[in-house]
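In: Based on what follows, work out the 3D shape:
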Amino acid sequence: MEKKYKKTAAIVLAAGSGSRMSADKTKQMLEIDGKSILKHTLLAFEAAKSISEIVVVCRDGEQNFVNNELQSIGKCSKIVTGGKCRAESASIGFYQISDDIEYIMIHDAARCLITPYEIDLVAEAVYEYKAATASVAVSDTLKRCNGKRIAETVPRKDLRAVQTPQAFERDLYSRALACAPIIDETITDDNMLLENMGISPYCVETLPSNIKITTSYDLEFAEFILLKRKGEI
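Out: Residues are numbered from 1 along each chain as shown. As a prediction, this is how the structure comes out:
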């Protein structure tokens, strides 16, 4: 029997500068396997059965680029200009979703390897737990350092690397924004807003390939993964 999904909006954050990429354009505009990073991300959310609507938050001056990338993306309802930091951009996108939306997912456009299957997994978890996030178990041995010297080993048993999408019940996220003392660059992911309220989001196991494109190496890795998925490697 086909699963029933609730009204869920994806807020895709594509307002970053990509300064660490050292490219002549922002990273959401860079191409992998013939498509922009943003396009790959949008196609995943378009294909996800759980997503009813997409709101794209972009950089000022990139509206025309985003409009062009929306060809074949029927779920996009709005394009809005982002704020001064990631958290502000997420809140701007949130206030643009349709009135009938029950749940939201916030996703970094730079995580263009996300799959529709993983998006739907996060959706199913948020319906049950009201707050859920993509994540992977930490496999490396972690060290706390003083400068360049190891000070101690950090137990990794309960550690997870958190990714996006991060999903929330609409009213819960609205209250989290209202309770936040400030919305600035110190809020590096949206789970922190819930943590501030004493709420623990549920961690969904997603693929380690769901990386955030940050460096030129990440571009090469993403291209390899996409070609492998297509059966060309």
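In: Show me where the chain has its strands.
Out: Taking DSSP state E as the criterion, the chain carries its strands at 8-14, 31-32, 35-36, 53-58, 76-81, 103-108, 131-137, 142-146, 149-154, 160-169, 202-205.
In: Pull the residues that contact the second one.
Out: Surrounding strand 31-32, the residues in contact under the criterion Cβ atoms under 8 Å, 6 or more residues apart in numbering are I37, H40, C112, L219, A222, E223, L226. Quick note: C-beta positions are derived from backbone N, CA and C, even for glycine.
In: ok, now with 6 Å
Out: Residues outside strand 31-32 that contact it (Cβ atoms under 6 Å, 6 or more residues apart in numbering) are A222, E223.
In: from the middle of its chain, how far away would that strand be?
Out: The chain centroid and the centroid of strand 31-32 are separated by 18 Å, computed with Cα atoms, centre = their mean, to the nearest Å.
In: Pull up the pairing partners for that strand, direction included.
Out: strand 35-36 (antiparallel) (DSSP bridges).
In: which residues are contacting the strand it pairs with?
Out: Residues contacting strand 35-36 (Cβ under 6 Å, 6+ apart): M29, E69.
In: so how far is it off the chain centroid?
Out: Distance, stretch centre to chain centre, for strand 35-36: 17 Å (Cα atoms, centre = their mean).
In: any idea how far the residue nearest to the spatial centre of the chain is from F45?
Out: Nearest residue to the geometric centre of the chain (Cα atoms, centre = their mean): H107, 2.0 Å. From H107 across to F45, the span is 7 Å (Cβ to Cβ, to the nearest Å).
In: Please apply the same query to I79.
Out: Using Cβ to Cβ, I79 is found at 14 Å from F45.
In: So for those two, which residue has more residues nearby?
Out: Neighbours per residue, other Cβ atoms under 10 Å: of I79 and F45, the larger number sits with F45, 26 against 19.
In: show me where pLDDT drops low in this protein?
Out: Flagging of the chain using pLDDT under 70 yields the residue ranges 1, 18-23.
In: show me what contacts the residue nearest to G93 when sequence neighbours are not counted?
Out: Distances taken as Cβ to Cβ, 6 or more residues apart in numbering put I11 closest to G93, at 3.7 Å, once the chain neighbours are dropped. The contact partners of I11, by Cβ under 6 Å, 6+ apart, come to V55, G93, I106.
In: can you pull up the bridge partners for the first one?
Out: Translated: V55. On the basis of DSSP bridges, V55 is bridged to I11, K78.
In: Isn't it up against G93?
Out: Yes. When contacts are counted by Cβ atoms under 6 Å, V55 is listed as touching G93 (4.8 Å).
In: still on that earlier bit, got the strands of the chain as JSON lines, with distance to E88 columns?
Out: Below are those laid out as JSON lines (distance: least, Cβ to Cβ, whole Å):
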{"stretch": "strand 8-14", "distance to E88": "10"}
{"stretch": "strand 31-32", "distance to E88": "28"}
{"stretch": "strand 35-36", "distance to E88": "24"}
{"stretch": "strand 53-58", "distance to E88": "10"}
{"stretch": "strand 76-81", "distance to E88": "11"}
{"stretch": "strand 103-108", "distance to E88": "12"}
{"stretch": "strand 131-137", "distance to E88": "20"}
{"stretch": "strand 142-146", "distance to E88": "30"}
{"stretch": "strand 149-154", "distance to E88": "31"}
{"stretch": "strand 160-169", "distance to E88": "16"}
{"stretch": "strand 202-205", "distance to E88": "25"}
